[in-house]
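**Student:** coords please:
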Amino acid sequence: MHETLSSLLSRAFTGNRRPLEYYLREQSRLPGTRANLELVNSLSDLLAAVASEQPDQVWMLLNYLVQDEKTVVSNTPDEFVVLCGVVAFGACATVRQEWHTEVFEILKHFASSSSWRVREGVAIALQRLLPVNPQKTIEFLLELARKGNCFQQRASIAAIAEPSLLQTPAMIDAALEIQRLVLERLHALPAAVRKREDVRALRQSLGYTLSVVAAAAPEKGFALMRDCAGWSDPDVNWILRENLKKKRLAKFVAHTEEVSNFWPDE
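**Tutor:** Residues are numbered from 1 along each chain as shown. Below you'll find the predicted structure:
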């Protein structure tokens, strides 16, 4: 795969981008249940490896890959091409520090994509950036949590709810704050808007992200869950129940029982 991609990238950098695009489409595994994420990551790694020496060519190629985002149909090869570009933006920004501000704005835009795979690509891209520039990336995620729409909030919680990232006090505290902010904003939403697609997508993600953070910081994580249980909000209660089902929380019996006690009759 790497040899083929390297050859196609060389051609793309000379202006002949179509062969690479066709290859991505053919190898996308779409339509299907699972896109070719191995290819997504391989392309991102190769582009990041050459971004230092050929930044202009890489930047133009990335923009080429995502240019049809507004017209893509879900579960199609076209969607896969955009997904590749979105993830690669994050990967390449890890080696081009001066790109960070612009890449954050690009990812903020794609976080609201109509394609769930593209939205997931934003979370993956941000996970590439978090270990390299944690402070600036955390600031961006906090901004999305505080001010972003529901899809953008979803990107903030999904990006940082990754066990391999939650290894330092600063990252864990940021993850807890981001979950709290987003849960509070969901709780504040009127019932009339809660059936919207963006709200449902946010709720679905909260149904697992909270348990990832709680597993990394049980005392603070379960304290947040107990606070949320006290709101008596049906959607928040659903989120809490979904998280309590996760195997990653199975060993925290006392903590899970304390949260469950908020619903003694269920």
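
**Student:** gap between Phe89 and Leu37?
**Tutor:** Using CB to CB, to the nearest Å, we find Phe89 at a distance of 16 Å from Leu37. The C-beta positions use only the backbone N, C-alpha and C, and glycine is treated the same way.

**Student:** so between the two, which is more surrounded?
**Tutor:** Shown here are Phe89 and Leu37; by other CB atoms under 10 Å, Phe89 has more neighbours (29 against 16).

**Student:** any idea of the pLDDT on Met1?
**Tutor:** As predicted, Met1 sits at a pLDDT of 68.

**Student:** residues in contact with the most centrally placed residue in the chain?
**Tutor:** Centroid-nearest residue in the chain, with CA atoms, centre = their mean: Ala123, separated by 1.6 Å. Contacts for Ala123 were tallied using CB atoms under 8 Å, 6 or more residues apart in numbering; they are 155, 158-159.

**Student:** among these, which lie within helices?
**Tutor:** Secondary structure from DSSP state H places 155, 158-159 of those in helices.

**Student:** re the thing from before, and of the contacts of Ala123, the nearest to His109?
**Tutor:** Of all the contacts of Ala123, His109 sits closest to Ala155, with 10.8 Å by CB to CB.

**Student:** so which helix or strand takes in Glu219?
**Tutor:** In this structure, Glu219 is located in helix 218-229 according to DSSP states H and E.

**Student:** what lies in contact with that helix?
**Tutor:** Residues contacting helix 218-229 (CB under 8 Å, 6+ apart): 172-173, 176, 179-180, 183, 187, 210, 213-215, 236-237, 239-240, 243, 252, 255-256, 258-259, 262-263.

**Student:** distance of the closest residue in space to Cys92 that isn't next to it in sequence from Phe110?
**Tutor:** The shortest distance from Cys92 to any non-neighbouring residue, by CB to CB, 6 or more residues apart in numbering, is to Ala51 (4.3 Å). Taking CB to CB as the measure, Ala51 falls 19 Å from Phe110.

**Student:** in the chain, where is pLDDT below threshold?
**Tutor:** By pLDDT under 70, the low-scoring segments of the chain are 1, 264-266.

**Student:** quick one, helices of it?
**Tutor:** Assigned by DSSP H, the helices in the chain fall at 2-13, 18-26, 37-51, 55-65, 77-93, 100-110, 116-129, 134-147, 150-160, 169-188, 197-216, 218-229, 234-244, 253-260.

**Student:** which elements pack onto the first one?
**Tutor:** By that I understand helix 2-13. Helix 2-13 sits against helix 18-26, helix 37-51, helix 55-65, with contacts defined as 3 or more CB pairs under 8 Å, 6 or more residues apart in numbering; DSSP states H and E.

**Student:** among the ones you listed, which is nearest Leu202?
**Tutor:** That would be helix 37-51 among these, by CB to CB, at 22.8 Å.

**Student:** which outside residues touch the closest one?
**Tutor:** 1-2, 5-6, 9, 24, 27-28, 57-58, 61-62, 80, 83-84, 87-88, 90-92, 94-96, 121, 124, 128.

**Student:** isn't Asn31 up against Ser74?
**Tutor:** Small correction: residue 31 is Pro, not Asn. No: under the criterion of CB atoms under 8 Å, Pro31 makes no contact with Ser74, lying 9.1 Å away.

**Student:** circling back to that earlier point, out of the contacts of helix 37-51, which end up buried?
**Tutor:** 5, 9, 24, 27-28, 57-58, 61-62, 80, 83-84, 87-88, 90-92, 94-96, 121, 124, 128 (16 or more other CB atoms under 10 Å).

**Student:** shouldn't Lys108 be in contact with Lys147?
**Tutor:** No: judged on CB under 8 Å, Lys108 makes no contact with Lys147 at a distance of 10.1 Å.

**Student:** out of these two, which sits in the busier spot?
**Tutor:** Using other CB under 10 Å, the more surrounded residue of Lys108 and Lys147 is Lys108, with 17 against 11.
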